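J.: A predicted structure for the sequence below; I have some questions about it.
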Amino acid sequence: MTRAIRPTGVENLLGEEELIVSKTDLKGRITYANDVFLRMAKYSYAELMGAPHSLIRHPDMPRCVFKLLWDTLEARQEIFAYVVNLAKDGSHYWVFAHVTPTLDDRGNIIGYHSNRRKPDPAQIERIKPIYKALCAEEARHANAKNGMRASFEMMVGLLKQNGVAYDEFVLSL
């Protein structure tokens, strides 16, 4: 299913009361997607089941945000993030995501659960230049892993400069 999808610049908006829900296994492969997810991502249920959640990763989304997300989830903590996703037809949609690890009765992570809702447009306008700068830092490096590390350090520096933890930063936008 891997194919290059070019962003069209067309934005789709979630409804005020809509909620995108998905679940993944430990490797980030989709095990559940609700109807809103299918409609926004423009994939069929069969196309999404077993596919990596990164299938909908937009190229304007900094990789360092996903590093932070995975680091946080592996620490058995929840995380909130603004995310721009890429639909199958090249359109995009912004979400305010809440991602949590799913734990068994012994506290072992057995998967992940994500709820996404429509973000406030003003918050997206505040995060766009930050994401653009992080992506530019990633692109400055020939090696993708080095670029992600550099942008992660840049993000950590921004948080320190503002004297806030990531959660405080996201919720303050």
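T.: Happy to help now that I have it.
J.: Can you verify Gly157 is assigned to a helix?
T.: Yes: counting by DSSP: H, G, I helix; E, B strand; the rest coil, one finds Gly157 located in a helix.
J.: Output the below-cut-off pLDDT ranges for the protein.
T.: In the predicted model, the chain carries pLDDT under 70 at residues 1-3.
J.: Run through the strands of this structure in chain order.
T.: 20-24, 30-33, 79-86, 92-103, 109-117 (DSSP state E).
J.: looking at these, which is closest to Gly157?
T.: strand 79-86 (18.2 Å; CB to CB). Glycine gets a C-beta too; all of them are placed from N, C-alpha and C.
J.: And the closest one, what does it pack against?
T.: helix 63-74, strand 92-103, helix 121-139, helix 166-172 (3 or more CB pairs under 8 Å, 6 or more residues apart in numbering; DSSP states H and E).
J.: who's in contact with the first one?
T.: Yep, that's helix 63-74 we're talking about. Residues from elsewhere that reach helix 63-74, judged by CB atoms under 8 Å, 6 or more residues apart in numbering: 54, 57, 78-79, 81, 83, 99-101, 109, 112, 131, 134, 138, 144, 147-149, 151-152, 154-155, 166.
J.: Show me what Ala81 bridges to in the sheet.
T.: Under DSSP bridges, the beta-bridge partners of Ala81 are Ala97.
J.: my read: it touches Trp94, true?
T.: No: contact between Ala81 and Trp94 fails when scored by CB atoms under 8 Å: they sit 11.0 Å apart.
J.: follow-up on the earlier one: turn the helices and strands packed on strand 79-86 into TSV, columns for mean neighbour count and distance to Leu48.
T.: As requested, the helices and strands packed on strand 79-86 are exported to TSV (neighbours: other CB atoms under 10 Å; distance: least, CB to CB, whole Å):
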stretch	mean neighbour count	distance to Leu48
helix 63-74	18	18
strand 92-103	19	15
helix 121-139	15	24
helix 166-172	14	26
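J.: Find the centremost residue of the chain, please.
T.: Centroid check for the chain by CA atoms, centre = their mean gives Val83 as the closest residue, at 4.3 Å.
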